[in-house]
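Visitor: Next comes the sequence, and after it the predicted model I'd like to discuss.
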Amino acid sequence: MSRIRVGTAGWAVPRTVRDRFPEAASGLQRYAGRFDAAEINSTFYRSHRPSTYARWAQEVPEAFRFAVKAPRTLTHERRLAQPEELLDAFLGEARLLGTRLGPVLVQLPPSLAFDPPVAAAFFRALRERFDGLVACEPRHGSWFEPDADALLADLRVARVAADPMRHPLAGTPGGWPELAYWRLHGSPRMYYSAYEEAWLAELADRLRASPAAEVWCVFDNTTSGAAAADALRLRELLAA
């Protein structure tokens, strides 16, 4: 499992599974006692103090990694246009995680169609500033066409495999093949529904079979508290 990271969006530990985590001084430390990855989704909404990033980095083991979600100002308000200044500010903060910084996650609004010049300019600007892992979760059908996939692959951007699927290809990783990134929002009810045992077992097989050098699987069905239980069960299936 060394190349497969499993975690949740955020690091909440619901009461229903709290006894399966070690006692710790903080919620993040408790979470990091069982998982080696987490998404920081709050960066989508706001900036954080340098001391906050430093504290997060100090509270997790050396092998732990955070995926950091790009701000909605970049993706939903500017819609990838004129990103340079905002990228500088965002990446300047994210780098305060030091060696605990994992992928940058770029989630696009459902209404944002693939525009080759705009997409290329954005991801080139990102690549000029960041040489680490990048994952993009598009939600408009035009991003699943061959031209879009080729552009992402050329710029070393993995296309997220998401559930529920908005497109027939949305459940399969695409783009750059060295990173495979699953984001599972819960279905049939997004952010609420837990996943059934058979579904998780099939997912474990898919993760193991992935040819990517690094595989991430993040559960985002956090509103009901299902994410942590699903992630724990997936880890058990992967280890079996």
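Guide: Alright, I've got the coordinates.

Visitor: all helices of the protein, in order?
Guide: 27-32, 50-58, 72, 84-94, 116-129, 146-154, 197-209, 226-239 (DSSP state H).

Visitor: among these, which is nearest Phe64?
Guide: Closest to Phe64 of the helices of the chain is helix 27-32 (CB to CB; 5.4 Å). Every residue, glycine included, has its C-beta placed from N, CA and C.

Visitor: what about the closest one, average pLDDT?
Guide: Taken as a whole, helix 27-32 carries a mean pLDDT of 98.

Visitor: same check, this time on stretch 164-174
Guide: 94.

Visitor: related to what we said a few turns ago, turn the helices of the chain into CSV, columns for distance to Leu108 and mean neighbour count.
Guide: CSV is the format used below for the helices of the chain (distance: least, CB to CB, whole Å; neighbours: other CB atoms under 10 Å):
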stretch, distance to Leu108, mean neighbour count
helix 27-32, 28, 19
helix 50-58, 25, 15
helix 72, 10, 15
helix 84-94, 15, 16
helix 116-129, 9, 16
helix 146-154, 11, 16
helix 197-209, 23, 15
helix 226-239, 22, 20
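
Visitor: Tell me which of the ones you listed lies nearest to Arg183.
Guide: Smallest distance to Arg183 across those (CB to CB): 11.0 Å, for helix 226-239.

Visitor: which non-adjacent residue is nearest Gln47?
Guide: You called it Gln, but residue 47 is Ser. Glu93 (6.1 Å; CB to CB, 6 or more residues apart in numbering).

Visitor: To Pro177, which of the helices of the chain lies closest?
Guide: The nearest among the helices of the chain, by CB to CB, is helix 146-154 at 7.1 Å.

Visitor: how about the CA coordinates for that closest one, as CSV?
Guide: Output of helix 146-154 as CSV, limited to C-alpha atoms (Å, rounded to 0.1, in the frame of the first residue of the first chain):
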residue,chain,number,x,y,z
PRO,A,146,-9.3,13.4,-26.3
ASP,A,147,-7.9,17.0,-26.8
ALA,A,148,-8.5,18.0,-23.2
ASP,A,149,-7.0,14.7,-21.9
ALA,A,150,-3.9,15.2,-24.1
LEU,A,151,-3.4,18.7,-22.9
LEU,A,152,-3.6,17.6,-19.2
ALA,A,153,-1.2,14.7,-19.9
ASP,A,154,1.3,17.0,-21.6
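
Visitor: from the chain's centre, how far out does that helix sit?
Guide: The chain centre lies 19 Å from the centre of helix 146-154; the measure is CA atoms, centre = their mean, to the nearest Å.

Visitor: Does anything pack onto it? Which helices or strands?
Guide: helix 116-129, strand 158-159, strand 174-175 (3 or more CB pairs under 8 Å, 6 or more residues apart in numbering; DSSP states H and E).

Visitor: Dump those into CSV; add distance to Pro71 as well.
Guide: What follows is those, written out as CSV (distance: least, CB to CB, whole Å):
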stretch, distance to Pro71
helix 116-129, 12
strand 158-159, 20
strand 174-175, 21
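
Visitor: what's the closest of the ones you listed to Gln58?
Guide: Using CB to CB, the helices and strands packed on helix 146-154 put helix 116-129 closest to Gln58, at 24.9 Å.
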